[in-house]
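>>> A structural model of the following input is requested.
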Amino acid sequence: MKRRPTILDVAARAGVSKSTVSLVLQGSPQVKPGTRAAVQTAMAEIGYVYNRAAANLRSASVGLVGLVINDLRNPFFTEFATTLQMTLASHGYATVIANSDEDPALQAKLVASMIEHGVAALVISPVYGEGSETFDQLARTGLPVCQVLRKGDERTELFPFASFDYADGSAAATRHLIEQGARNIAFVGGLPGRAITRERKSGWREVLREAGIAEVALHGKSTRGFGLQAADQLIADHPQVDAAICFNDLVALGLMTGFARAGRPVGQAFRVVGFDDIEEAAQSWPPLSSVSCDIAHFAQDTAARLLAWMVDQDRPAPELRSAVRLVARASSLGNQT
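Have a look, this model is predicted:
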């Protein structure tokens, strides 16, 4: 791995002394504006990241772990963050949690801030889009970094990736719907062209191909609002569709509301399976069938693998896929419970 730039490298690049660089890093008013600008330019050019708490962390009894999540509004990610934080706390580590809100620029700023404030390791569920700035700065630090749920960087030897076997989940859901009598099964939700959408569709697509069933897919944001719109579109444009697998439970809940609003309650004439099995899935009416990813256990396992890396230098495998299972409820079983 390339050597991490040091304060001496910054001093040499800027043509100043080490003590001058230190003053700049400390925000000292003694440094002239021109000198400060030269030092800051040198830092950017060589990729130096100031870690003001690194020395303290090496001797501290309580470490700090950074957690950057793409969407904390989604209960699936919220449960992951909460469980990871509690598990790390039980081992003496504090967690700094930040929401990047699907914004690559914000994600890069959050990660830079966490590095500066001395995190000993970082877990990230990355945003979609251009995220190279985030991972390039992480690569320069040499910190243990785990990617979860989404793969933002292909360098999994540097940033191990863990997620779920989404293809197996959508295949199981599709077979279940066929067994319940469905013959035209749509896939609803997920933005096109994104890896996680392709993964969650792949099992559905394979089973449909085996069964000789034509594909109908409606793509959009992973929200209740899109599910509500999709219900209207299915009813108007695809009346032959008698079942749907949704990208996640939020889309499925919106879809069920849309069908109920149109006077077509879900469960028999139209069947629905969601993805993630959030708490609300079992509490909805009708109760929502869903592919369960057991996010709490996944978070605990993530914490265990990260701690093994931090404490014992036991780096996780480059890629790990956890098993999923279908939880069938009334939205696909009709009157059964």
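>>> Please count neighbours and contacts with C-alpha atoms only from this point.
Will do.
>>> residues making contact with stretch 317-329?
For stretch 317-329, the external contacting residues (C-alpha atoms under 8 Å, 6 or more residues apart in numbering) are 156-166, 168-169, 172-173, 277, 282, 287-294, 298, 336-337.
>>> Hmm, I typed the wrong one, I wanted stretch 146-165.
Residues contacting stretch 146-165 (C-alpha under 8 Å, 6+ apart): 122-128, 131-132, 135, 139, 144-145, 196, 293, 302, 306, 316-324.
>>> So which of those are in strands?
With strands defined by DSSP state E, the entries of these inside them are 122-125, 145, 319-322.
>>> Tell me the buried residues in stretch 250-263?
250-259 (16 or more other C-alpha atoms under 10 Å).
>>> Now render the residues you listed as a markdown table, adding pLDDT and distance to Leu25.
Compiled in a markdown table, the buried residues of stretch 250-263 are given as follows (pLDDT from 0 to 100; distance: C-alpha to C-alpha, whole Å):
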| residue | pLDDT | distance to Leu25 |
| --- | --- | --- |
| Leu250 | 96 | 45 |
| Val251 | 98 | 47 |
| Ala252 | 98 | 50 |
| Leu253 | 98 | 50 |
| Gly254 | 97 | 50 |
| Leu255 | 98 | 53 |
| Met256 | 97 | 55 |
| Thr257 | 96 | 55 |
| Gly258 | 96 | 56 |
| Phe259 | 96 | 59 |
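>>> Give me the buried subset of the ones in strands among the contacts of stretch 146-165.
For these, buried by 16+ other C-alpha under 10 Å: 122-125, 145.
>>> Now flag whichever of those is closest to Ala330.
Nearest to Ala330 out of those is Ser125 (C-alpha to C-alpha; 31.9 Å).
>>> Low-confidence ranges, this protein, go.
1-2, 19, 30, 51-62, 131, 335-337 (pLDDT under 70).
>>> What ranges does it have for its helices?
Using DSSP state H, the helices assigned to the chain run over residues 7-14, 18-25, 33-46, 54-59, 75-89, 104-116, 132-141, 166-179, 195-211, 224-237, 249-261, 279-283, 295-312, 330-333.
>>> then the fifth one to PDB, C-alphas only?
Put plainly, it is helix 75-89. Extracted in PDB, the C-alpha atoms of helix 75-89 (Å, rounded to 0.1, in the frame of the first residue of the first chain):
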ATOM      1  CA  PRO A  75     -36.000   2.100   8.900                       C
ATOM      2  CA  PHE A  76     -33.900  -0.700   7.400                       C
ATOM      3  CA  PHE A  77     -30.800   1.400   7.700                       C
ATOM      4  CA  THR A  78     -31.800   2.900  11.000                       C
ATOM      5  CA  GLU A  79     -32.100  -0.500  12.600                       C
ATOM      6  CA  PHE A  80     -28.600  -1.400  11.200                       C
ATOM      7  CA  ALA A  81     -27.100   1.800  12.600                       C
ATOM      8  CA  THR A  82     -28.700   1.400  16.000                       C
ATOM      9  CA  THR A  83     -27.700  -2.300  16.400                       C
ATOM     10  CA  LEU A  84     -24.100  -1.700  15.200                       C
ATOM     11  CA  GLN A  85     -23.800   1.300  17.700                       C
ATOM     12  CA  MET A  86     -25.100  -0.800  20.600                       C
ATOM     13  CA  THR A  87     -22.900  -3.800  19.800                       C
ATOM     14  CA  LEU A  88     -19.700  -1.600  19.500                       C
ATOM     15  CA  ALA A  89     -20.600   0.200  22.800                       C
END
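>>> Renumber starting at 737 from here on
Renumbered: residue one is now 737, and that last one reads helix 811-825.
>>> Check which residues of that helix are buried.
So, applying 16+ other C-alpha under 10 Å, buried residues of helix 811-825: 811-813, 815-817, 819-825.
>>> With the first one instead?
Across helix 743-750, burial judged by 16+ other C-alpha under 10 Å covers 743, 745-747, 749-750.
>>> what's the angle from that helix to helix 754-761?
90 degrees (axes from the mean of the first three to the mean of the last three C-alpha atoms, to 10 degrees).
>>> For Thr771, see how far away Val760 is.
9 Å (C-alpha to C-alpha, to the nearest Å).
>>> Please disregard the earlier target; I meant Met992.
Distance from Met992 to Thr771, by C-alpha to C-alpha: 62 Å.
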